[in-house]
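*Asks:* requesting a structural model of the entry that follows:
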Amino acid sequence: MFRALALGAALVLASAPVASAQVQGVDVSEFQGNIDWGAAHAAGIGFAFARVSDGVYHMDPTFQANWNGMRANGVVRGVYQFFRAGQNPVQQADLLVNAVGSFGPGDLPPVADVEVMDGVGAGTLLANLQAWCDEIRARTGLTPIIYTGPGFWNPLGGNFSAETLWVAHWFVSSPQLPNGWGQYAFWQYDDNGSVPGIPATVDQDVWNGSLAALVAYAHGGAPPSGGGSVGDPVLSLGSVGPAVVTLQQLLTAQGFSPGGIDGDFGPHTLAAVRAFQGANGLAVDGVVGPRTWAALRAPTGGGGSSEPTIQEGSTGPAVSLCQQLLTNKGYDPGGIDGDFGPNTRAAVIAFQAANGLATDGVVGPMTWAALQGSGASAPPPSLPPTIRYGDTGLAVAYCQQLLNAKGFDTYGVDGDFGPNTLRAVYAFQASRGLSVDGIVGPMTWTALLH
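*Replies:* Numbering: from 1, shown residues only. You can find the predicted model right below:
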């Protein structure tokens, strides 16, 4: 939300794996400019959060206009504050409440945007965040909302389950919840949306429930509670237990072998999930959320592809079919001639990258399954913003998490692009044959994500 990550919940426009029937919103700040809330509401925006300040010392000059404009145009409104753990938490909370005046029916509870360490340790951050929450409760009688992402939050070791969660987790079909929470109320699923009436790109968010439930929540009702779909938890690599056994059984019944039914979500199960998602037009993220569970429980449709494995140098009808499917998905193989040449290989690699597959240019069972899936054309998703030395925020924390996972140690996931992160970026770029400039732009993000 900081800099390019300005808070905002927005209308889903084609690229994100979120059902359009859900209530869409945006979170905004001065970085979005002067907003026409009437146009945004007409485009489908049901709720929005406006930034009031960055800590104590920077008031957002657009807050009052946004706060009044949301209410005047029928948008359920909320306020967030970029939380500075190195500043007085009570003063920050008081600034927010004083700027709003009073919270009335139709106003969402206040939000602490927690995504940077601000130069303090985890213990200090958690203690100051608790003080902020306590002051918000004392001044408003409302249960605060915490905005954060699992990559930043989990190393802190805190438990704020008494507060409502707004989770930030981009480009996945279901969000991973930060430690301590069993459910989320809002989910920021992308950071680069485009909405009529909003001059700049904006974060995309969704409410975890119906419009009636959102309105009730804004009038003092309870936030969403409990698990997701009935009995079906969100699963991902590393999950264990009976739910994983059920998952493996369903994958096997659908013709996607997880390498055994042992209750352990390991690499073989991950590969089977990704292949199943590709074959069924789902976001290929390896996370088993509500949409993947629903597809798994649908009647069996015959399993994987029977097409041969093909690669550069192959020729014949299977290559022609591959080229046709690539073309249908929006990836140009340079013609449909049955000859697997460099252009076809480049198109295959681009398709694999966009669908979370190994980018080897070889069309094997998983790539065939993704190509033959019933989903619409899947161009590469929008990437996180370009970041560099000195930047802070969730995009930096996400980059640090990816670098560490690939063996390039940033010495912590703190959302601060400092010397250690710069050295890790340099080393990663050199290892991938990229320009070693220390800037995490589109090419470096693509390499990190695949």
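
*Asks:* C-alpha coordinates for the lengthiest helix in the chain, CSV please?
*Replies:* Longest helix of the chain, by residue count under DSSP state H: helix 122-140. The C-alpha atoms that make up helix 122-140 are tabulated as CSV, following Å, rounded to 0.1, in the frame of the first residue of the first chain:
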residue,chain,number,x,y,z
ALA,A,122,9.1,-7.7,16.3
GLY,A,123,8.3,-7.3,20.0
THR,A,124,8.1,-3.5,19.8
LEU,A,125,6.0,-3.7,16.7
LEU,A,126,3.5,-6.1,18.2
ALA,A,127,3.3,-4.2,21.5
ASN,A,128,2.7,-0.9,19.7
LEU,A,129,0.1,-2.4,17.4
GLN,A,130,-1.7,-3.8,20.5
ALA,A,131,-1.7,-0.3,22.0
TRP,A,132,-3.1,1.1,18.7
CYS,A,133,-5.9,-1.5,18.7
ASP,A,134,-6.7,-0.8,22.4
GLU,A,135,-7.0,3.0,21.7
ILE,A,136,-9.2,2.4,18.7
ARG,A,137,-11.5,0.2,20.8
ALA,A,138,-11.6,2.7,23.7
ARG,A,139,-12.3,5.7,21.4
THR,A,140,-14.8,4.1,19.0
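
*Asks:* next SSE after that helix?
*Replies:* Moving toward the C-terminus from helix 122-140, the next helix or strand (DSSP states H and E) is strand 145-148.

*Asks:* helices or strands up against that next one?
*Replies:* Of the remaining helices and strands, those touching strand 145-148 by 3 or more CB pairs under 8 Å, 6 or more residues apart in numbering; DSSP states H and E are strand 76-82, strand 111-113, strand 164-168, strand 186-193. Every residue, glycine included, has its C-beta placed from N, CA and C.

*Asks:* rewinding a little: so the longest helix of the chain versus strand 76-82, what angle?
*Replies:* Going by axes from the mean of the first three to the mean of the last three CA atoms, to 10 degrees, helix 122-140 is angled at 140 degrees with respect to strand 76-82.

*Asks:* run through this structure and note the low-pLDDT ranges.
*Replies:* Confidence mapping of the chain against pLDDT under 70 gives the ranges 1-22, 173, 225-234, 241-242, 298-306, 356, 373-383.

*Asks:* contacting residues around the residue at the greatest distance from the centre of it?
*Replies:* Of all residues in the chain, the one whose C-alpha sits farthest from the chain's mean C-alpha position, using CA atoms, centre = their mean, is G316 at 40.3 Å. Applying CB atoms under 8 Å, 6 or more residues apart in numbering to G316 gives the contacts G338.

*Asks:* next one: L237
*Replies:* Applying CB under 8 Å, 6+ apart, we find L237 in contact with F265, G266, P267, T269, L270, G286.

*Asks:* may I ask which of these has the most neighbours?
*Replies:* T269 (28 neighbours; other CB atoms under 10 Å).

*Asks:* leaving out sequence neighbours, find the closest residue to that one.
*Replies:* If you skip the residues right next to it in sequence, T269 has P258 as its closest partner in space, 4.1 Å away by CB to CB, 6 or more residues apart in numbering.

*Asks:* might you report the residue contacts of the one you found?
*Replies:* L247, Q248, L251, T252, H268, T269, A272, V273.

*Asks:* re earlier: may I ask which two of the contacts of L237 are separated the most?
*Replies:* Taking CB to CB, the two most distant members of the contacts of L237 are G266 and G286; they sit 11.5 Å apart.

*Asks:* the strands in the stretch 1-150 of the chain, which residues?
*Replies:* Listed from the start of the chain, the stretch 1-150 of the chain has strands (DSSP state E, counting those that start in this stretch) covering 24-28, 45-54, 58-59, 76-82, 111-113, 145-148.

*Asks:* wait, Q91 sits on Q81?
*Replies:* No. Taking contacts as CB atoms under 8 Å, Q91 lies outside contact range of Q81: 11.0 Å.

*Asks:* neighbour count winner among the two?
*Replies:* Q81 (25 against 14).

*Asks:* next one: the more buried one from V97, what distance?
*Replies:* 10 Å (CB to CB, to the nearest Å).

*Asks:* common neighbours of these two, please.
*Replies:* By CB under 8 Å, 6+ apart, the residues touching both Q81 and V97 are P110.

*Asks:* mind listing what the most centrally placed residue in the chain touches?
*Replies:* Geometric centre of the chain, nearest residue: W170, 1.3 Å, by CA atoms, centre = their mean. Applying CB under 8 Å, 6+ apart, one finds that W170 lies in contact with Q188, Y189, D190, D191, P384, Y398.

*Asks:* how many neighbouring residues does the closest residue to Q311 other than its chain neighbours have?
*Replies:* Computed as CB to CB, 6+ apart, the closest residue to Q311 that is not its neighbour in sequence is V362, at 4.5 Å. A total of 18 residues lie near V362 under the criterion other CB under 10 Å.
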